[in-house]
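Q: the sequence and its predicted three-dimensional model are supplied below.
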Amino acid sequence: AVYQVQRSLSMTFGSCHRLKYMNNGLFKIAGPMDRHKLCCSSFSLPRPFSQGAPNGTSPKSTSTPRIKLKTRLLVTLIFGGSILATWYFVRSEKEKKEQLRRIEQLRKVAIGQGDFDLVDHHGRPRTKKDFLGQWVLMYFGFTHCPDICPDELEKMSSVVSILDEHQELPRVQPIFVTVDPERDDIKAMASYVKDFHPRLLGLTGTPEQVKAAGKAYRVYYSMGPKDDDNDYIVDHTIIIYLLNPDGLFLDYYNRSKSDKQIAESIKKHMQTYVKLFT
Amino acid sequence: MSAPSAEERRTCWGARDAFWRCLDDNQEDRDRCAQLQKQFESSCPAQWVKYFHKRRDFLKYKEKLLTDGYEPVGQSAES
C-alpha cells in the first residue's frame, strides 16, 4: 500500500522536492499528510515532518490550494475554450469554402448533364432547358409495353397526385420518353399519355435523338425479335429519375419503391434543395 | 399497328389473371384451363401472350427460389 501511495504521489507531483526525503523509509511518517500539504507548501522544506502533525493545519494552508485549483480550472477553461472556439471557427470556414466549391462543381455538371433534344406529344420541340426551374420525374418506356411501363407510369402519376395535394410544395412535371421511336410517333404518344396523369408529357424523336437522350441518362434498351405481324417488345431500364430545378439528376427510383415512398423521398429533396443558379 | 388502348390493356390483363388463377388452382395443367387460355390469347397481342407466358415462368421460378431456396443445377441428385 505504501508503494502505491508513493507511486501515485510521485506521478501527481513528480517535480516536488519533498519526495527526496520520503524515499529513505521515512515515508510512513509522512503517510497521514494530505497531498496538498506534502507538496504545495514549499516554505516548510527544511522541516519536512512537522506538517504531518495533526495540529499543524492552518486555515491558510487548506484554502490556498483550493484557490489555486479554482484558478487552474479557470485558466484551463479559458485556454481550452479559446482553442475550441478557434478550431470551431476554422472548421466552419473550411466547411463554407468546401460547400461553395461543391456548388461550383455541381453547376458545371448541371449545365452539360442529361441534355436531350426531343418533340413532345403536341409536336413542340423540347430540350432540357425548357424544364429548368421545375422538378421533373422522368421515365423511359414504350407504348406497346405489356405491363411494366403502364404500371410504372401509373405509379408516377400517383406520385404526382400525392405531391399535388401539398399546396406548399412546387409542382412536379412528369415526363415519359419513348425508347421505341419507330412506332411511337407524336400521335401514338398523344393517345398513350392521356391514360395517365393530365400533366404527363410524352417525348419522342428520331431514333438518333432518342438514342442520345437514353445515353444521357444511362438508359439501356434493346429491341426484341419481331413476330409475323411485325410486333416486338423492347427490353429496357426500368427506373424513374428525379431531376431538380437546376436540371440536375438527383435521385432514382426502381420498381420496388411504392408511390408513397417516392413521394416522401421527393418531399425531402424539395426541403433540402439548395438552388445552384440565381 | 397502334398500341393497345387503356381499355384493351385492362381486358388483356383481366383475361391473363383469370387464366393464371386457373393454372394456380389446377397445378399448372393447361388442358383444364384451355377455355381461359383461348380467352387470354384472343384478348392480348401475340407478343404480349408470349411475354406473359415467359413472365409467369419467371414469377413461378422466383417464388420457388424464395420459398425453397436456391438449388444448384445437378447437385440435387447427389445430395
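A: Arrived safely, thanks for sending.
Q: remind me, longest helix of chain B?
A: helix B:46-68 (DSSP state H).
Q: actually, chain A.
A: Chain A, longest helix under DSSP H: helix A:59-112.
Q: show the average pLDDT along it.
A: The average pLDDT within helix A:59-112 is 84.
Q: B:Gln27: neighbour count?
A: B:Gln27 is flanked by 7 other residues according to other CB atoms under 10 Å in any protein chain shown. Just so you know, the C-beta spots here come from the backbone N, C-alpha and C atoms, and that holds for glycine as well.
Q: so it: helix, strand or coil?
A: Put simply, B:Gln27 is coil when judged by DSSP: H, G, I helix; E, B strand; the rest coil.
Q: before we move on, what about the one 10 residues further on?
A: Under the three-state scheme (three-state DSSP), the conformation of B:Gln37 reads as helix.
Q: and the gap between the residue nearest the centre of chain B and chain A?
A: Note on chain B: the residue nearest the mean C-alpha position is B:Arg56, at 3.2 Å, using CA atoms, centre = their mean. Computed as CB to the nearest CB, to the nearest Å, the B:Arg56 to chain A distance reads 12 Å.
Q: grab the nearest non-local neighbour of that residue.
A: Excluding its sequence neighbours, the residue lying closest to B:Arg56 (CB to CB, 6 or more residues apart in numbering or on different chains) is B:Trp20, at 6.2 Å.
Q: cool, B:Ala3 as well?
A: Nearest to B:Ala3 is A:Thr143, by CB to CB, 6+ apart, at 3.8 Å.
Q: mind listing what the one you found touches?
A: Neighbour list for A:Thr143: A:Cys149, A:Thr178, A:Asp180, A:Arg183, A:Asp184, A:Ala188, A:Met189, A:Tyr192, B:Ala3 [criterion: CB atoms under 8 Å, 6 or more residues apart in numbering or on different chains].
Q: hmm, try it at 6 Å
A: A:Asp184, A:Ala188, A:Tyr192, B:Ala3 (CB atoms under 6 Å, 6 or more residues apart in numbering or on different chains).
Q: do you know the pLDDT at it?
A: A:Thr143 is assigned a predicted lDDT (pLDDT) of 95.
Q: secondary structure element holding it?
A: For A:Thr143, there is no host helix or strand (DSSP states H and E).
Q: what does the one 10 residues further on give?
A: According to DSSP H and E, A:Leu153 maps onto helix A:148-164.
Q: C-terminal to that helix, what's the next element?
A: Heading C-terminal from helix A:148-164 (DSSP H and E), you reach strand A:172-178.
Q: name the strands paired with that following strand and say parallel or antiparallel.
A: strand A:135-141 (parallel), strand A:201-204 (parallel) (DSSP bridges).
Q: and that strand, average pLDDT?
A: Per-residue scores along strand A:172-178 average to 97.
Q: list the contacts of it.
A: Contacts for strand A:172-178 (CB under 6 Å, 6+ apart): A:134-140, A:142, A:156, A:160, A:163, A:184, A:197, A:200-204, A:213.
Q: if we go to 8 Å?
A: A:116, A:118, A:131, A:134-143, A:153, A:156-157, A:159-160, A:163-164, A:184, A:189, A:192-193, A:196-197, A:199-204, A:210, A:213-214, A:266.
Q: just stretch A:262-278 next, same as before
A: For stretch A:262-278, using CB under 8 Å, 6+ apart, the contacting residues are A:103, A:106-107, A:110, A:132, A:135, A:137, A:155, A:159, A:162-163, A:166, A:169-170, A:172, A:240, A:242, A:244-246, A:248, A:250-251, A:253, A:257.
Q: name only those of those that count as buried.
A: Neighbour-count burial (16 or more other CB atoms under 10 Å in any protein chain shown) applied to these gives A:106, A:110, A:135, A:137, A:155, A:159, A:162-163, A:172, A:240, A:242, A:244-246, A:248, A:250, A:253, A:257.
Q: look up how far chain A lies from B:Phe58.
A: 12 Å.
Q: which parts of chain B sit against chain A?
A: B:1-6, B:9, B:13, B:44-48, B:50-52, B:55 (CB under 8 Å from any CB of the partner chain).
Q: let me see the mean pLDDT of the longest helix of chain B.
A: Helix B:46-68 comes out at a mean pLDDT of 91.
Q: okay, the angle between that helix and helix A:148-164?
A: 80 degrees (axes from the mean of the first three to the mean of the last three CA atoms, to 10 degrees).
Q: helix B:46-68 - contacts with which helices or strands?
A: Where contact means 3 or more CB pairs under 8 Å, 6 or more residues apart in numbering or on different chains; DSSP states H and E, helix B:46-68 is packed against helix B:6-25, helix B:34-43.
Q: got TSV for these, with mean pLDDT too?
A: Shown next, in TSV, are the helices and strands packed on helix B:46-68 (pLDDT from 0 to 100):
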stretch	mean pLDDT
helix B:6-25	94
helix B:34-43	95
